[in-house]
Structures are given as C-alpha cells and as structure tokens.
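Undergrad: Model the structure of this input:
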Amino acid sequence: MSPANLSSTRFRFEDRIAGTHDSQAVPHIIRMDGPEVTLDKIGLAFEKLHKICAVDNSARAHRYGKVWPQRVTETGWLQAVTSVLNTAAAAVTRLVDHEESVLLQDGEGRDISAVVSSLVQVCLDKQARRVDGLQRLIEKVRGNGLM
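TA: Residues are numbered from 1 along each chain as shown. Predicted coordinates for the structure are as follows:
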C-alpha cells in the first residue's frame, strides 16, 4: 500500500472511531514505534530472568545473592515491563480521566499493542482481574491471532 493510501486509510479509520463518540472527537493516538520493546525482546528478557531465578542449589543462590539485582537489571525484563506498564497507564488515563477514545499504534512487526490493550482491559474491567476473567481475556487475544 502506498504512503498516500495508508494515510487516507488511517484517516478514515480515525474518523470512524470519532463517529462512535458523542463529541465526535478524534481518538488519542499512542504510538508504540520505538525500538525498546517488542514481543521478541520481552520473551528474550524473560528467558534471561528465568535463568538467573532458577537456582539449583544453595551455594549458587548465595553466590548470586550479591550480584542478583544487577543481573536482573541486565536482563532487560524490568525495562520492558516498565515500558509496557507506562504505556498502559497512559491509555487508561486518556480513557478514564480525559474520556477519550484511544488508538494504540504499533510499529511494524512489533505486536506490543496486544499486550498493552490487554493490560488496559485488566485495569478497567474488574472481571478481567479474576482468574476466569483473565483466562477469557487470554483466550480472546489468542483467538484473534494477536499473540
């Protein structure tokens, strides 16, 4: 699709969202196109975190105890989680405090919007914070091919 067609399609999409609002307001767009967080990077960071947390004996645990905080930071896990939670918090603030529609816009091939939108649903829907509600949310996301 050419850049002109993509821009035109995006504009029509935003107009359709605006049409669902009483105020006809264009949605607030949260762009997630920075290189810092992708699903692959989150997965890799989690694998690194798992390796340092899966200690098989007490001597090794004692040895890791001194450098563990630094090793956790080096995995990238905390930075990835912080970025995703901050983005979800920004969306929740726009939805609740500003009563705006929000459009999560992912960079190409990043698929992080599924994670952020799921966290927003958990924040805003008390049913999603229950085990069965969270299971339904996960099934919905997987069923839509988002993860």
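Undergrad: buried set for whichever helix or strand V81 is part of?
TA: Using DSSP states H and E, V81 maps to helix 77-96. By neighbour count with 16 or more other Cβ atoms under 10 Å, helix 77-96 contains the buried residues 77, 80, 83-84, 87-88, 91-92, 94-95. In short, each C-beta sits where N, CA and C put it, glycine included.
Undergrad: Next up, the contacts around the residue nearest the centre of the chain.
TA: Centroid-nearest residue in the chain, with Cα atoms, centre = their mean: V116, separated by 2.6 Å. Going by Cβ atoms under 8 Å, 6 or more residues apart in numbering, V116 touches 30, 32, 84, 87-88, 91, 104.
Undergrad: and which of the residues you listed is nearest V131?
TA: Distance ranking of the contacts of V116 against V131, using Cβ to Cβ, places A88 first at 20.1 Å.
Undergrad: excluding its backbone neighbours, what's nearest the closest one?
TA: Nearest-residue entry for A88: L119, 3.8 Å, with adjacent residues in sequence omitted and distances by Cβ to Cβ, 6 or more residues apart in numbering.
Undergrad: if we can go back for a sec, list just the nearest of the contacts of V116 to K41.
TA: Among those, and counting by Cβ to Cβ, the member closest to K41 is V84, at 10.7 Å.
Undergrad: Surely the closest one and D111 touch.
TA: No - taking Cβ atoms under 8 Å as the definition, V84 is not a contact partner of D111, at 12.0 Å.
Undergrad: Contact partners for L134?
TA: 122, 128.
Undergrad: An error on my part: the question was meant for K51.
TA: So K51 contacts nothing (Cβ under 8 Å, 6+ apart).
Undergrad: follow-up on the earlier one: for the buried residues of helix 77-96, could you give me JSON lines that also reports pLDDT and distance to A54?
TA: Shown next, in JSON lines, are these (pLDDT from 0 to 100; distance: Cβ to Cβ, whole Å):
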{"residue": "W77", "pLDDT": "92", "distance to A54": "14"}
{"residue": "A80", "pLDDT": "90", "distance to A54": "19"}
{"residue": "S83", "pLDDT": "90", "distance to A54": "25"}
{"residue": "V84", "pLDDT": "91", "distance to A54": "23"}
{"residue": "T87", "pLDDT": "92", "distance to A54": "29"}
{"residue": "A88", "pLDDT": "94", "distance to A54": "28"}
{"residue": "A91", "pLDDT": "96", "distance to A54": "33"}
{"residue": "V92", "pLDDT": "97", "distance to A54": "33"}
{"residue": "R94", "pLDDT": "94", "distance to A54": "39"}
{"residue": "L95", "pLDDT": "93", "distance to A54": "38"}
